[in-house]
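> coords below, sequence missing:
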């Protein structure tokens, strides 16, 4: 079982996931570099963090190291990755993270499920189109509003392979200070990105250059004088 240390985070990778492309990124330190850097920049001790799309637990571990594991709720759709994430959190002494299995969506009825299409390396899975059955598994759907209500996050970090297109229909009722998401422009039209930016503006958030790079887009809360400055 190959093991790596990426920017101070220990990672163990099952042999069946050790594809050359993924291994190369782990070895040269580029694996989820932008997301990890954003997490380090915006998370402070005690912040409540909601992570959507945990992958193999790299950014999850960074969130836990910064905020405290007890303050992190991480959601991963691919059930084959759950043990990998738990093992990597344990390697870094962050077993206290709350890990939930499910695919995040804008709306879902209680008990509703969807088909998840697995990526080649099992870390790039996405919801399948209707009637697609090959290389798919059934997973529970988790509405974004339920997660926001449960965690009341100060920081939301997401990499959900295009599902972000459906998560910004309504404002989130939480003390949100930072939002970091990886865009997937091949999965949707430019108007979806505009919708996300407009939503952030309505939430009194603005573009944050310190957490943005390439397809990783960061927003931070704009603090009004009557609110005082952000702590």
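Ah, there it is. From a predicted model like this one, the values you see are computed outputs, not experimental measurements.
> who's in contact with residue 64?
By Cβ atoms under 8 Å, 6 or more residues apart in numbering, the contact set of residue 64 is 71, 72, 89, 92, 94, 96, 97. Using the backbone N, CA and C atoms, a C-beta is placed for each residue, glycine as well.
> any idea which helix or strand carries it?
helix 58-67 (DSSP states H and E).
> after that helix, next one along is what?
Next helix or strand after helix 58-67 toward the C-terminus (DSSP H and E): strand 72-76.
> got the angle for that next one vs helix 58-67?
For strand 72-76 and helix 58-67, the angle between their directions (axes from the mean of the first three to the mean of the last three Cα atoms, to 10 degrees) works out to 170 degrees.
> for the record, mean pLDDT for strand 72-76?
Computed over strand 72-76, the mean pLDDT rounds to 98.
> return the distance of that strand from the chain's centre.
Taking the mean of its C-alpha atoms, strand 72-76 sits 8 Å from the chain's own mean (Cα atoms, centre = their mean, to the nearest Å).
> can you map out the helices along the protein?
Per DSSP state H, the chain carries helices over the ranges 20-28, 33-42, 58-67, 82-91, 144-151, 190-202.
> re the thing from before, got a winner among the contacts of residue 64 for most neighbours?
Looking at the contacts of residue 64 with neighbours defined as other Cβ atoms under 10 Å, the largest count falls to residue 72 at 31 neighbours.
> gap between that one and residue 148?
Taking Cβ to Cβ, to the nearest Å as the criterion, residue 72 is separated from residue 148 by 15 Å.
> over to residue 26?
32 Å.
> return the helix or strand in the protein with minimum mean pLDDT.
Taking mean pLDDT, DSSP states H and E as the measure, strand 126-127 is the helix or strand of the chain with the lowest mean score, a mean of 60.
> for this protein, what's the longest strand?
The residue-count maximum for a strand in the chain (DSSP state E) belongs to strand 136-143.
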